[in-house]
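[1] following is a predicted model, sequence given first.
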Amino acid sequence: MNPSSKQTRTDRLITRVTAWVALVILLGLAVWGGQSLWDLYHFEATNDAQIDEYINPVTSRVTGYVREVYYKDDQEVKKGDTLVVIDDDEYQIQKAEAEAALMTAKAQIGVLHSNTITSDKNAVVNQLQIGAAKAKLVKQQQDYDRYEKLLATESVTRQQFENVKMALDVAKSEYEALQKSYETSLSKTDDITAQKAVALAEIKRRQAVLDEIKLKISYAVIRAPYDGKMGKKSIQKGQLIQAGQTLAFMVDSEEGKWVVANYKETQLQHMHIGQPVNIETDAFPGQVFHGEIVSLSAATGSRFSLLPPDNATGNFVKIIQRVPIRIKLTDDANTTKGLRAGMNAVVTLKKGA
């Protein structure tokens, strides 16, 4: 066989294979391009999206030394589980002092109550004495008037008249003294009533102080506010913590998870609340999660930043803005339990759905 003929046949085979490969590649590119164009006109997608959950700080409401720490890193906890116990010996002493002060204030009320009863009894006695003194005064006045007439006719001696007059003066003095004593008793009763009002206010104040200390004692035991998962433990036994200090971060499992997708402003015309979406994550390639739009932000993300951009400074460059879209995951908890806050996601939705 001629070598040149064999080479020609090989070249034709290579050319044919190359043509078929090129055709397959072109067909693949055509299919990919067609699919891309289809997706472009029928779907809106963004890879600027993340899984989110409520992550709240667990803080101390009192100052003290940590007695015990009952949670570990990334531990799941239930609502009401004890997380941290702060030493409350100092607050227990304050509680005892407050209870003693409250008992003293209540005892003072008892003393004032007894004084009120005594003062009221004295007032009653004074009233009776005033009645007797008044009757005596009336009689002495009558005797004086009668002796005065008898003295004019010299039926009695001057000495007898003076004795009657002296008895009248004594009766008047006794009557006036008893009246003043009665008025003093009434005034004392009023004073005691005012003192009781002050004492009652003091009892309320002491009770409020005691309640505040009891509240602080209850704050010494820090419990999980809801079902969730703890973050990294940042405190140790024996550590001094201050009121308001963050002890840990806790992921709220009760409120569920959602996705925040930042779509371009040019993509919003095809979106509405309740629209279904598909979600894919880098952590679980090939698995599609489902959700629906629950809200569209009232402003672009940049407007909520600490320093919003000011386009009036003379260096304006037009940049397409992104608007945060909140998406609720509609899959059950078992399906989404592997998702974590902060994971990247790709969100796709069908236009007009």
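    Thanks, I have the structure now. Numbering: from 1, shown residues only.

[2] helix or strand next in line after the helix or strand of the chain with the lowest mean pLDDT, which one?
    Ranking every helix and strand in the chain by mean pLDDT, DSSP states H and E puts helix 3-42 at the bottom, with a mean of 72. Downstream of helix 3-42, the next assigned helix or strand under DSSP states H and E is strand 43-52.

[3] the following helix or strand past that next one packs against which elements?
    The helix or strand immediately downstream of strand 43-52 is strand 55-59, counting by DSSP H and E. Here strand 55-59 touches strand 246-252, going by 3 or more Cβ pairs under 8 Å, 6 or more residues apart in numbering; DSSP states H and E. In short, each C-beta sits where N, CA and C put it, glycine included.

[4] what does the strand it packs on contact?
    53-60, 71, 77, 83-84, 222, 224-235, 241, 341 (Cβ atoms under 8 Å, 6 or more residues apart in numbering).

[5] same thing but at 10 Å, please
    Taking Cβ atoms under 10 Å, 6 or more residues apart in numbering as the criterion, the residues outside strand 246-252 that touch it are 53-60, 66, 69, 71, 73-74, 76-77, 83-84, 86, 222, 224-235, 239, 241, 257, 340-341.

[6] paired strands for that strand, with orientation please.
    Partners of strand 246-252 in the sheet, by DSSP bridges, are strand 55-59 (antiparallel), strand 228-230 (antiparallel).

[7] the longest helix along the chain packs against which elements?
    Taking DSSP state H as the criterion, the chain has its longest helix at helix 89-152. Packing partners of helix 89-152 (3 or more Cβ pairs under 10 Å, 6 or more residues apart in numbering; DSSP states H and E): strand 64-69, helix 158-219.

[8] 8 Å - rerun?
    So helix 89-152, by 3+ Cβ pairs under 8 Å, 6+ apart, packs with helix 158-219.

[9] from the chain's centroid, how far away is the helix it packs on?
    Mean-position distance between helix 158-219 and its chain equals 47 Å (Cα atoms, centre = their mean, to the nearest Å).

[10] that helix versus strand 64-69: what angle between them?
    50 degrees (axes from the mean of the first three to the mean of the last three Cα atoms, to 10 degrees).

[11] following element in sequence after helix 158-219, please.
    strand 221-223.

[12] what residues sit buried inside stretch 263-283?
    263, 267, 271, 275, 277, 279-281 (16 or more other Cβ atoms under 10 Å).

[13] go through those and name the one nearest residue 21.
    residue 280 (31.5 Å; Cβ to Cβ).

[14] how about residue 339, nearest residue that isn't a chain neighbour?
    Distances taken as Cβ to Cβ, 6 or more residues apart in numbering place residue 51 nearest to residue 339, at 4.9 Å, with adjacent residues excluded.

[15] any idea how far that neighbour is from residue 58?
    Relative to residue 58, residue 51 is positioned 22 Å away (Cβ to Cβ, to the nearest Å).

[16] same deal with residue 27?
    Noted for residue 27: a distance of 59 Å to residue 58, by Cβ to Cβ.

[17] looking at these two, which is more packed in?
    residue 58 (20 against 10; other Cβ atoms under 10 Å).

[18] quick one: residues contacting that one.
    In this structure, residue 58 makes contact with 83-84, 222, 224-225, 246-250, judged by Cβ under 8 Å, 6+ apart.

[19] widest-spaced pair of those residues?
    224 and 246 (15.0 Å).

[20] the two - which one has more neighbours?
    With neighbours defined as other Cβ under 10 Å, residue 224 and residue 246 compare such that residue 224 has more, 19 against 13.

[21] so that one sits against residue 84, correct?
    No: counting by Cβ atoms under 8 Å, residue 224 stays clear of residue 84, with 10.3 Å between them.

[22] now for residue 209, how many residues are close by?
    Neighbours around residue 209, by other Cβ under 10 Å: 17.

[23] got a pLDDT number for it?
    The score at residue 209 is 95. That number is its pLDDT.

[24] could you pull up the residues touching the nearest residue to it once chain neighbours are set aside?
    In this structure, residue 209 finds its nearest non-sequential neighbour in residue 98, 5.0 Å apart by Cβ to Cβ, 6+ apart. By Cβ under 8 Å, 6+ apart, the contact list for residue 98 reads 206, 209-210, 213.

[25] repeat for residue 75
    Residue 75 is in contact with 229-230, counting by Cβ under 8 Å, 6+ apart.

[26] that one and residue 229: what is the separation?
    7 Å.

[27] how about residue 305?
    Between residue 305 and residue 229 the computed distance is 29 Å (Cβ to Cβ).

[28] swap in residue 112?
    With Cβ to Cβ as the criterion, residue 112 and residue 229 are 58 Å apart.

[29] the two: who's more crowded?
    Higher neighbour count among residue 112 and residue 229: residue 112, with 20 against 17, using other Cβ under 10 Å.

[30] my guess is that one meets residue 195, correct?
    Yes: if you go by Cβ under 8 Å, residue 112 and residue 195 touch, sitting 5.5 Å apart.

[31] how about residue 230, what does it touch?
    Residues near residue 230 by Cβ under 8 Å, 6+ apart: 71-77, 83, 248-251.

[32] all set, thanks.
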